[in-house]
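# Structure of the sequence below:
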Amino acid sequence: MSKNLLDRFFHTINELLELHGFQRGSRNWLLHARYVRGESAQCLRHIDELQIRDNNTHKHAHFIQALILADSGRYQDALEKFHACIRLDPQHIEDLIQTAKCLFRQGRYQLALDTLLEADRLSQHPDPTLYSALAECAWSLGDIKRGVQWARTGVTAGGGERAGALLAKLLVAAGDMDAALQAYDNTLTEYACGADTLASAGVLQLRLGDPRRAFHLLSEALTHQPAQHAAALGLAALMLQHKDLDAALARLKAALSVHPTCVAAHSNLGLVLLSKKKYIAALTCLQRAVWTAPISATACHNLGHLLLVCKRPASAFCRLATAAALRPSQPYTILLIAIALERLHDPRADAAYMRAAEMDPEDVLIRLNLAGRHARAGRVAEAADVAKLTAQLLTKENNAQLAGSLAMLMTLLKEAGVRTEVAGDMAVSDKLHTDNQSHSLDELDPDEV
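Now for the predicted structure:
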């Protein structure tokens, strides 16, 4: 049926309804049909006609006009129309829910929460949509505990995938990973979930150390939605753990094709290119990540480490100092700062090495670098003591690379003169970027730009 025939059909039905006495509200169905079909201009013309006829008291016309305004981003104008609906019918719950949605999109979370609580007071039956909206408002306000309670109520009331996924996210924010995992499992078992829920569940499985289950969920999410951003990033991280650099590179490029400004994708892509010894391309990716998010501690840390590998300690120190200011509790950032200061012949390097060791006394990598610093500074006795402690800590781990670096340090300490090697620097690169070969910048391939 063509558009003109539909218009004539709607017009005929409306005339028949008016002839049989259906005056007020007789065009509600027509307004709804126009709105659902996306014919906003024609819908607004009908609204003007109805408001003129009914002296601006046609409630459904106000409601549909408010929905059109909200869809176009004019939330304040939409609020005025929803308030007109509430004045005409204060007991209608849907008007309050839509008002809360507009307030939420404006960032006025407390007002949205109060409006939803009023709707809950008027509601005679449990509404899972209402409880899910309450949980989202509580989450935005930082009240995770109340958000979890409302999300649980929404799940009990039959909220489906939305309530279950929201409950799991709130439990993750609360730090209860086991309960969040159980919530995801229940949701995936009971409902046919979409790509977003599958991706979130897969990322959580990856964080909790179940790569097989994570791979299954993330792959299923990409099957449903090939452009799912979080799933592509999660699979890339999983492939990086298994040293599959080419597959990780493909996933990260796919993620960037969907979200070109994603900081995590640019940062991880830079690390992959570093592992493939594409130094200039890696610098480009990591610099783009820092430009996109200047206050991202991870991006600054990764760029600082790459600059160290590229023998630019002054620039590396600036980036690493920024990362340490943004996230002071990261010992590896302090360790890289110590290495940069040592390469700059700055006497503050010793304090930085000691600070990193104090932040994580049980870390073998930090202790090994501290022993190397003592050896390079000529403090043989201190280097031997730290090396002995490092050997004790290394017995708890199975890391052949660090064991080789420690053996080389022990050999140097046995010699009469201590050579100023940078074995510790090499160990840092191997640990942070999972590359078992030392980086050489003597020659750059012509295709690395």
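
# going forward, measure contacts and count neighbours with C-alpha atoms only.
Fine.

# What ranges does the stretch 151-300 of the chain have for its helices?
Using DSSP state H, counting those that start in this stretch, the helices of the stretch 151-300 of the chain run over 160-174, 177-190, 195-207, 211-224, 229-241, 245-258, 263-275, 279-292, 297-309.

# just the stretch 301-449 of the chain next, same as before
313-326, 331-343, 349-359, 364-376, 380-394, 400-414, 423-433.

# ranking those by mean pLDDT, which is last?
Comparing mean pLDDT across the helices of the stretch 301-449 of the chain, the weakest is helix 423-433, with a mean of 38.

# What is the neighbour count of residue 175?
The tally of other residues near residue 175 (other CA atoms under 10 Å) stands at 11.

# and what of residue 413?
Neighbour count for residue 413, taken as other CA under 10 Å: 20.

# and it, what is it in contact with?
Contacts for residue 413 (CA atoms under 8 Å, 6 or more residues apart in numbering) come out as 375, 380, 383, 384.

# just residue 83 next, same as before
residue 99.

# Check which residues of the helix or strand it falls within are buried.
Following DSSP states H and E, one finds residue 83 within helix 75-88. By 16 or more other CA atoms under 10 Å, the buried positions in helix 75-88 come out as 75, 78, 79, 81, 82, 83, 84, 85, 86.

# any idea which of those residues is closest to residue 46?
For these, the residue nearest residue 46 by CA to CA is residue 81; the value is 15.8 Å.

# distance of the closest one from residue 67?
9 Å (CA to CA, to the nearest Å).

# Likewise for residue 77?
In terms of CA to CA, residue 77 sits 10 Å off from residue 67.

# again with residue 256
For residue 256 relative to residue 67 (CA to CA), the value is 34 Å.

# same deal with residue 268?
According to CA to CA, residue 268 and residue 67 sit 41 Å apart.

# can you check residue 45 too?
15 Å.

# So which of the two has more stuff around it?
Each of residue 45 and residue 67 has its neighbours counted (other CA under 10 Å); residue 67 has more, 21 against 11.

# can you pull the pLDDT of the more buried one?
For residue 67, pLDDT reads 88.

# cool, and the one 4 residues further on?
The confidence metric pLDDT takes the value 87 at residue 71.

# One more: residue 119?
For residue 119, pLDDT reads 88.

# For the protein, give me the ranges with low pLDDT.
For the chain, the stretches with pLDDT under 70 are 1-27, 415-449.

# Quick check, central residue of it?
Residue closest to the average C-alpha location in the chain (CA atoms, centre = their mean): residue 230, at 7.5 Å.

# ok, so what distance separates that one from residue 255?
Residue 230 sits 8 Å away from residue 255, going by CA to CA.

# Correct me if wrong: residue 50 contacts residue 61.
Yes - using CA atoms under 8 Å, residue 50 is in contact with residue 61, at 7.2 Å.

# Between these two, tell me which one has more neighbours.
Each of residue 50 and residue 61 has its neighbours counted (other CA under 10 Å); residue 61 has more, 26 against 23.

# Could you pull up the residues touching the more buried one?
So residue 61 contacts 28, 31, 47, 50, 51 (CA under 8 Å, 6+ apart).

# Thanks a lot, see you next time.
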